[in-house]
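K.L.:
sequence? don't have it. structure:
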């Protein structure tokens, strides 16, 4: 995999992020810290977890390692629905900036991660999408459990301008 491929994948991921932002905006404000599905994260915790890795993994590929402190989940400061939306946007921006700095060498380099395996940068870029879509699926299940119909998953044309 090279940067030409990653840039194409990232362009698609940008549209996926836009749909996810619309799903986040649909979380009822009074249910941010509820447990719509027993034994799982709250909607607030889920969005924070999803976006910490959206930002941290591309930054790790660009710098060459992923440490635990790079993926701290700011549950103590991200409290409201507006906070969640701002956090998601800021993490995506950090990721976008990291992708713009990446080179083919970054993608081929082995990147140690705090969770265990050392992986090539290109494999970690695949993890960004896999992780995001997995957790967005959870968010869709949460929304449905809260009586909210989530956005059409391929409704990219409805994304905010600039995505």
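P.N.:
Here it is on my side, so go on. Source: prediction; values computed, not measured. Numbering: from 1, shown residues only.
K.L.:
how long is stretch 52-71 from one end to the other?
P.N.:
6 Å (C-alpha to C-alpha, to the nearest Å).
K.L.:
which elements pack onto the helix or strand containing residue 4?
P.N.:
Following DSSP states H and E, one finds residue 4 within helix 3-25. On a contact count with 3 or more C-beta pairs under 8 Å, 6 or more residues apart in numbering; DSSP states H and E, helix 3-25 meets helix 43-63, helix 81-101, helix 104-108, helix 121-145. (Glycine included, C-beta is placed from N, CA and C.)
K.L.:
okay, those helices in JSON lines with mean neighbour count next?
P.N.:
As requested, those are exported to JSON lines (neighbours: other C-beta atoms under 10 Å):
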{"stretch": "helix 43-63", "mean neighbour count": "23"}
{"stretch": "helix 81-101", "mean neighbour count": "17"}
{"stretch": "helix 104-108", "mean neighbour count": "16"}
{"stretch": "helix 121-145", "mean neighbour count": "18"}
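K.L.:
between those helices, which one is closest to residue 72.
P.N.:
Nearest to residue 72 among these is helix 43-63 (7.3 Å), distances taken as C-beta to C-beta.
K.L.:
what sits against the spatially closest residue to residue 71 that is not a sequence neighbour?
P.N.:
Nearest non-adjacent residue to residue 71, counting by C-beta to C-beta, 6 or more residues apart in numbering: residue 56, 4.5 Å away. Residue 56 makes contact with 66, 70-71, according to C-beta atoms under 8 Å, 6 or more residues apart in numbering.
K.L.:
tell me which of those residues is nearest to residue 94?
P.N.:
When the contacts of residue 56 are compared against residue 94 (criterion: C-beta to C-beta), the nearest one is residue 70, at 10.6 Å.
K.L.:
if I've got this straight, that closest one is in a strand?
P.N.:
No: using DSSP: H, G, I helix; E, B strand; the rest coil, the assignment for residue 70 is helix, not a strand.
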